[in-house]
Every structure is written in C-alpha cells, then in structure tokens.
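**Q** Give me coordinates for this.
(one chain, ligands or ions: 1)
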Amino acid sequence: MHHKFYKYQGTGNDFVMIDNRDNTFSKNDTKLINTLCDRKFGIGADGLILLENDENADFRMIYFNADGNESSMCGNGGRCLVAFAKQLGIIQNKARFIAIDGEHEATIDENGIVSLHMKDVDEVTMKDDYTFLDTGSPHHVTTVENIADIDVKAAGAAIRYSDLYGKAGANINFVEQLETDKFSVRTYERGVEDETLSCGTGVTAVAIAMKVTGKTQSNTVTLVTQGGELKVSFIQNSDTNFTSVYLTGPATFVFKGEITW
Ligand SMILES: N[C@@H](CCC[C@H](N)C(=O)O)C(=O)O
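**A** Take a look at the predicted model:
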C-alpha cells in the first residue's frame, strides 16, 4: 500500500497527517502507526491524525498517540488538522469538525494561527497538591518551583502510573507562574510516555486550573511551553463551569512525503 503523508507541528507537538477520505489507510494496524511515529524507524511524531469525511461537518478527526493506539482529544493536533484541511482546500478560514469528544469549531488566519473551540468543562477536582480536569483528555496539574530542573519524564511517569489514575492513566502537567496571567508548562503525555514540547489539552487544563485555584484572575491566559506560546481564553460561569474555551496558537506545515507498507 502507498499513502501520502504530511508532517505538521503546533508549538513543537508534532503529527503525521493522512488524508483518509478514501478510507484506504490501515487504521487498525497499531504497529504501523507506532512505526510511522517512531523517530528512528519512521517519520517521527508525537501522534498520527487521520482526516476523514463526515456527513454533518467539514471533516472528522481520528487521533492516535505515538504508541499506535487511538486516544482522546488532542488540542494541538486539532489545530494542525485545521491547517491541513486548509492546505487540502477543504476549508478556507473556518472549520467545523467532529472529534472523539464531539463537535469543534475553529478559525485559521493568514499567518496560520488557529483558534480552536474546546469542549466545555464542568468538573474540576481540587486536592492539596494537584488539580484534575478533563479538557477532552484527562489532565493532572501540579505547581512547581524551578520548572527547568524537573525531570518531567520520571516525575510524570510516577504519577501517570500511580494508583491515582489506574490503567487508563492521565497526562501530567507541571506549572510555574511567570506573571499574573502567564505560566510556564511542561507536560508528560500518556501514549507518548515522555515529555512532549507542548500539549494543547494540557495547557487548556492548566489555564482553567490556575483560574479555579486563584493563581490568576484573568480569563485569558498565556502558556509558555517548550515549543512556543499558546493562549487559552474562556468564560467562567461558576466555580467549576467553563464555556467558550478557546485554544489559540500557530499550526505549521513541515514537510510531506509518501509511505509504503
Ligand atoms: N498532545 C495532545 C494530547 C494528546 C492526547 C494524550 N496524549 C492522551 O492520550 O490523553 C494535545 O495537544 O492535546
């Protein structure tokens, strides 16, 4: 089999994109997806995303982590998929698509900045040493000092595999406040089982967690990741109810090629 692929990155969170509107990609082949994402034996990426047809929307997003397994929502991947849909000529400057967590709307400007409407949040668990919430994917948020010195892979894995999250696990975010409405974030992603340079659902969770815990008073928060800056804005309706949640930042085409398997 042959297939064209496109490589995209959103603040350093990188993805193999495949136009699967003809349904010819072997999406149940976990080993194939894992190998395509492998940085030594394949193209190299944090995840692989299929763009498929949907009867009631511009397209459908199917997301796989680098381990080859289909997973929950990917915010940076969703932003990159909007840029990919524009490159394919499916959309112009706005999109409506279906992902595993439901319908999403997005806009893309002439500089490739994508603003993605994320799912509403109505449950936030606050503990003494962490906050947990689901922004399309499950996120553990913990504040730290000297974030640059954290061994994110080791510390993240210890929490991800702890009894707290059981077999399903969670993504683990470490946060340090930089200004009243600006935070530095480093994320351990399940399914990649390592630190990624940025995580869209992760920074969304961090922004909301920082608002809920009173670290910021702002409804627009800047998140500095290892791969660049993202903005999250929202409307807070009650202590733990957030709507109109938007994740905004760059989504960039890197290269394209062809795979044979
Ligand atoms: N990088 C993503 C999150 C991808 C999903 C995550 N690894 C999981 O399985 O929960 C993002 O940008 O949101």
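
**Q** Tell me which stretches of this protein form helices.
**A** Ranges of helices in the chain, per DSSP state H, are 30-37, 75-87, 152-160, 200-212.

**Q** Out of those, flag the one nearest residue 132.
**A** Evaluated with Cβ to Cβ, the helices of the chain place helix 200-212 nearest to residue 132, the distance being 8.5 Å. C-betas here are computed from N, CA, C, even on glycine.

**Q** and that closest one, average pLDDT?
**A** Averaging pLDDT along helix 200-212 gives 99.

**Q** quick check: angle from it to helix 75-87?
**A** In terms of direction (axes from the mean of the first three to the mean of the last three Cα atoms, to 10 degrees), helix 200-212 departs from helix 75-87 by 130 degrees.

**Q** Helix 200-212 near the ligand at all?
**A** Yes: with Cβ under 6 Å from any ligand atom as the measure, helix 200-212 is seen reaching the ligand through 200, 201, 202.

**Q** Would you reformat those residues as CSV and include neighbour count?
**A** Below are the residues of helix 200-212 next to the ligand laid out as CSV (neighbours: other Cβ atoms under 10 Å):
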residue, neighbour count
200, 32
201, 29
202, 31
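
**Q** Closest one of the residues you listed to residue 189?
**A** residue 202 (7.6 Å).

**Q** Residues of the stretch 151-261 of the chain that sit close to the ligand?
**A** 171, 189, 190, 191, 192, 196, 199, 200, 201, 202.

**Q** Please pick the buried ones from these.
**A** 171, 189, 190, 191, 192, 196, 199, 200, 201, 202 (16 or more other Cβ atoms under 10 Å).

**Q** which residues sit in contact with the first one?
**A** Listed by Cβ atoms under 8 Å, 6 or more residues apart in numbering, the contact set of residue 171 reads 137, 138, 139, 140, 160, 187, 188, 189, 190, 199, 201, 202.

**Q** Looking at those residues, which are in strands?
**A** The strands, defined by DSSP state E, take in 138, 139, 140, 187, 188, 189 from the contacts of residue 171.

**Q** From one end of stretch 94-111 to the other, what's the distance?
**A** Taking Cα to Cα, to the nearest Å, stretch 94-111 runs 14 Å from one end to the other.

**Q** Start the count at 9 instead of 1 going forward.
**A** That works, and once the first residue is 9, the last one we named lands at stretch 102-119.

**Q** Do it and the ligand come into contact?
**A** No: contact of stretch 102-119 with the ligand (Cβ under 6 Å from any ligand atom) is absent, the minimum separation being 9.8 Å.

**Q** now stretch 16-28
**A** Yes: under the criterion of Cβ under 6 Å from any ligand atom, the ligand is reached by stretch 16-28 at residue 21.

**Q** Only C-alpha atoms, please: export that stretch in PDB.
**A** The C-alpha coordinates for stretch 16-28 follow below in PDB (Å, rounded to 0.1, in the frame of the first residue of the first chain):
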ATOM      1  CA  TYR A  16       2.700  19.300  10.900                       C
ATOM      2  CA  GLN A  17       3.700  20.800  14.200                       C
ATOM      3  CA  GLY A  18       1.900  23.100  16.700                       C
ATOM      4  CA  THR A  19       4.300  24.600  19.200                       C
ATOM      5  CA  GLY A  20       6.600  21.600  18.800                       C
ATOM      6  CA  ASN A  21       3.800  19.000  19.300                       C
ATOM      7  CA  ASP A  22       4.300  17.100  16.000                       C
ATOM      8  CA  PHE A  23       2.000  14.900  14.000                       C
ATOM      9  CA  VAL A  24       1.800  12.800  10.900                       C
ATOM     10  CA  MET A  25      -1.300  13.800   9.000                       C
ATOM     11  CA  ILE A  26      -3.100  11.500   6.500                       C
ATOM     12  CA  ASP A  27      -6.000  12.300   4.200                       C
ATOM     13  CA  ASN A  28      -8.100   9.200   4.700                       C
END
